[in-house]
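Visitor: sequence plus the predicted model coming up.
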Amino acid sequence: MGSSNDKEVKVLEHQENLVKLRKEIEGKFLDRYEGNLVYKDIELDYYGKNFCHVLCLNENFIDPRKPNILLIHGFQGTSISFNFMMNELKEYGNLYSIDLLGMANSSRPQVHDLFKNASEWIEFYVGFIEKVVESLKFDKFYLIGHSLGGLLSGWYSVKNPEKVIKLTLFSPAGTTDFLKKNNDGTITEIKDHLQFGRTFAYTILNLIFKLKITFQDIYCIKIFNSWIKKGIRKRYRHIGVEENDIYGQLTEQIAQLPKDLDKMIFFVISNPVPSATLPLEDKFEKLVSENNFKIDYYYGENDWMEYLGAQRLHQKFASNINFIIVTNSGHTFQIESPIKAAKLFLENNKELIEMRNKRLEEDHLKKVDTIENVPDKMLSLKSFSDNNINNADIKGDIDDEYFEEQIDDLIRKDEMNYEQFVDKIVKHNSHNSNSESHEKEEEVNQKI
């Protein structure tokens, strides 16, 4: 009995150490973004008490006027897959990149044996995304999914079209229906300049599928351990030495967590190619036809993922479905070429740029209006930075243009944000107005 308790204690200690390790690694990562990005856990009552680990913008960048953008990683990925893009897009939306339940650093409910087929697994993950959306209090939002995350995002959109403003798919799995016949009754074979690379990738996938082993299974075998570590770092070779090391450490930490739900891949993806057991091609045709739905497909120029179905959909619904090739990039182009990926995303969602410009104009007009209504006798600029307006000394007149420049400087230095400035000015004006009214009342009383 004692040995069993000792074993449980060791397991708990190991898990606690992994959480500490995760926080340490994530701390290194977040430091590189000067506080622009933060991690948080969202509690979910879904198949028990669970949580979703989320990478998002810090509260200084969250603005209710901005559209919400949800990002979902691929197989063996994490929320960190979108970190570079998020930093580029922080002015355009409230961004939330999630770890899928049972994967990465979200909680890991041991529900492997509950689901017997692709339909049940997809229903489980669509339900999870619905819970996250509900918890984040999203009305409508932009949805971005990569690889396996693209497949799950697609199914979420099919079942919740009214929630998704636009679906963006980065090298998604599972669109093509390989049994779909052309108008002449033939079935199209995939043949292009990446045929050799795809054949090699599919051979490896085929072996893994036959053995039904996951990355975590392989990582636990000592003879493969160092080989996998090298492979991880090679995968992220495009992003710089320090970030590469952080990615590697995080992936190794994740591999030591309790059993994950990665085996769902053997149900939702088919072989010999990475096609879906339940492909989305026909579902998307119906989705676009009935809901005027918008989809953007992106694939890397050197991507091993096939895209026949995406091309067919684009040809049929060119005004609703875009097909974009990201040059000089592979399957994980949001990591390899994040600035290019962010730029392409904005080019195909120009309304985000227009909304941002409108917000900037509103903020500018609000600031100008406030400054024009500041009393003739200005409060000292030091009092603004001390955030102590009520006790401030009254100074002489200050040139409006100079005053505005100084306030902008204080806001840039984070000594004061614009909302605090407006709030203080309004309170000061109100205080002065009340004082003047009181003085006039005193004068009247004296005359009486």
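Guide: Now that the structure is in, tell me what you want to look at.
Visitor: residue 311 against residue 322, yeah?
Guide: No - Residue 311 lies out of contact with residue 322 (Cβ atoms under 8 Å); the separation is 11.4 Å. Every residue, glycine included, has its C-beta placed from N, CA and C.
Visitor: who's in contact with the residue nearest to residue 33 when sequence neighbours are not counted?
Guide: Among residues not flanking residue 33 along the chain, residue 87 sits closest, at 5.9 Å (Cβ to Cβ, 6 or more residues apart in numbering). Neighbour list for residue 87: 33, 36, 37 [criterion: Cβ atoms under 8 Å, 6 or more residues apart in numbering].
Visitor: by mean pLDDT, flag the weakest helix or strand of this protein.
Guide: helix 381-385 (a mean of 45; mean pLDDT, DSSP states H and E).
Visitor: what is the three-state secondary structure of the residue nearest to residue 33?
Guide: helix (DSSP: H, G, I helix; E, B strand; the rest coil).
Visitor: pLDDT score assigned to it?
Guide: Per-residue pLDDT puts residue 87 at 90.
Visitor: same check on residue 129?
Guide: 98.
Visitor: okay, now the domains of the protein?
Guide: 32-214+260-349, 373-447 (automatic domain parsing).
Visitor: and those, which one is worst for confidence?
Guide: Minimum mean pLDDT among the domains of the chain: domain 373-447, a mean of 49.
Visitor: near the nearest residue in space to residue 45 that is not next to it in sequence, how many other residues are there?
Guide: Nearest residue to residue 45, sequence neighbours excluded (Cβ to Cβ, 6+ apart): residue 131, at 7.9 Å. Using other Cβ atoms under 10 Å, residue 131 has 18 neighbouring residues.
Visitor: tell me which element residue 131 falls in.
Guide: helix 118-135 (DSSP states H and E).
Visitor: over to residue 302?
Guide: Here residue 302 is assigned to no helix or strand, by DSSP H and E.
Visitor: pretty sure it contacts residue 332?
Guide: No - under the criterion of Cβ under 8 Å, residue 302 makes no contact with residue 332, lying 10.9 Å away.
Visitor: please identify the buried residues of the helix holding residue 131?
Guide: 118, 121, 122, 124, 125, 126, 128, 129, 131, 132, 133, 135 (16 or more other Cβ atoms under 10 Å).
Visitor: output the contacting helices and strands for that helix.
Guide: strand 37-45, strand 49-57, strand 68-72, helix 148-159, helix 265-268 (3 or more Cβ pairs under 8 Å, 6 or more residues apart in numbering; DSSP states H and E).
Visitor: out of these, which is closest to residue 287?
Guide: helix 148-159 (5.7 Å; Cβ to Cβ).
Visitor: so what does the closest one touch, helix or strand wise?
Guide: So helix 148-159, by 3+ Cβ pairs under 8 Å, 6+ apart, packs with strand 68-72, helix 118-135, strand 141-146, strand 164-170, helix 265-268, helix 281-291.
Visitor: let's have the ones you listed in JSON lines, adding distance to residue 298.
Guide: Output for the helices and strands packed on helix 148-159, formatted as JSON lines (distance: least, Cβ to Cβ, whole Å):
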{"stretch": "strand 68-72", "distance to residue 298": "13"}
{"stretch": "helix 118-135", "distance to residue 298": "20"}
{"stretch": "strand 141-146", "distance to residue 298": "9"}
{"stretch": "strand 164-170", "distance to residue 298": "5"}
{"stretch": "helix 265-268", "distance to residue 298": "21"}
{"stretch": "helix 281-291", "distance to residue 298": "15"}
